[in-house]
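**Q** Below is the sequence, then the predicted model.
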Amino acid sequence: MFHKPVLVEEVLEGLNLKKGGVYLDATVGTGGHAGLILRGLEGAGQLIGVDCDEEILEHAKQSLQEFGASVQLVHGHYEELPEILRGLGHTAVDGFLLDLGVSSLQFDRADRGFSFRQEGPIDMRMDLSSTQTALDLIRRSSEKDLERIIRNFGEEPRARRVAAVLKRTPLQRLRTTSDLARLVASVLPGRSKIHPATRTFQGLRIAVNKELERLERFLEIFPGLLSEGGRAVFIAYHSLEDRRIKQRLRTLKLGGSFKILTPKPIRPAEREIAENPRSRSARLRIGEKI
């Protein structure tokens, strides 16, 4: 399944595109939002796209090749953006999008190990140049640390039970995502509407990719990336991310350097959710530097 960008109209309106402006897609993925931003600029502007997944970037290069020199794609993590922008000769941009979702291209490929719906290695790395997989994390973590990861990052209330079964299972019985999902389900009652392993997979993925650590670093530095009047557009998919974004924007507002353009997060309309169920949990927030 090709990745379908979410909240497209809301993102474009939030960025308030200006002819000749420089914009940044900090998690460019396969280029869905980026292509629409470039079309909105009508050839009179530039977009910089950054992603930590080199395989995904190759897809973006193909999908955005029609825009030629108007787009620059860089392999890297979004918290490295000050260095990336300096390397490209920019001191600031007129707006950025940070879409924190997992790409469908990552999620739907069994060999990337993000999903329990397909059997694959217990990997979950967004950046394949990093060395620690989710299986490595399970093996190297103590039972107490694993419980903390699953509880804090996966928001799994029965994390102790899950951590215990994972640490006490012989290594030869824990090799694939199917093994992992079965083990988690074996100790959790199936009363929820979601699969019993959903929260555990989320917790492990966040830990492996240091998602919250990276987000917190970015939230500290992003004001310096923006020109005066520049827009910051964030799309989060769970409360752990959204809460941090909301609190940072509030702090900046209190300090007088930002105004918040979304008193409440913008959510997808029912029509969009029906067409793209993965958009259901998306929450968009916008700030403007003043």
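**A** Received it, and whenever you're ready, just let me know what you need. Numbers count the residues shown, from 1 in each chain.
**Q** element containing Arg231, please.
**A** strand 226-236 (DSSP states H and E).
**Q** Just give me the longest helix of this protein.
**A** Identified as the longest helix of the chain according to DSSP state H is helix 239-254.
**Q** Can you list the buried residues in it?
**A** Neighbour-count burial for helix 239-254 flags 240-242, 244-246, 248-249, 252 (criterion: 16 or more other C-beta atoms under 10 Å). From N, CA and C alone the C-beta is placed, and that goes for glycine too.
**Q** so which of the residues you listed would you say is closest to Arg160?
**A** Set against Arg160, the nearest of those by C-beta to C-beta is Leu240 (19.5 Å).
**Q** Please determine how far that closest one is located from Ala69.
**A** 38 Å (C-beta to C-beta, to the nearest Å).
**Q** Need the pLDDT of the nearest residue to Asn16 once chain neighbours are set aside.
**A** Spatial nearest neighbour of Asn16, excluding adjacent residues (C-beta to C-beta, 6 or more residues apart in numbering): Arg231 at 5.5 Å. You'll see Arg231 listed with a pLDDT of 98.
**Q** Enumerate the beta-bridge partners assigned to Arg231.
**A** For Arg231, the beta-bridge assignment (DSSP bridges) gives partners Gly95, Glu288.
**Q** residue contacts, Gly40?
**A** Gly40 makes contact with 12, 15, 17 under the criterion C-beta atoms under 8 Å, 6 or more residues apart in numbering.
**Q** Off-centre distance for the longest helix of the chain?
**A** Chain-centre distance of helix 239-254: 16 Å, with C-alpha atoms, centre = their mean, to the nearest Å.
**Q** following it, which helix or strand comes up?
**A** strand 258-260.
**Q** Sheet-wise, list the partners of that next one with their directions.
**A** Partners of strand 258-260, by DSSP bridges, with direction: strand 283-289 (antiparallel).
**Q** Fine by me, thanks again.
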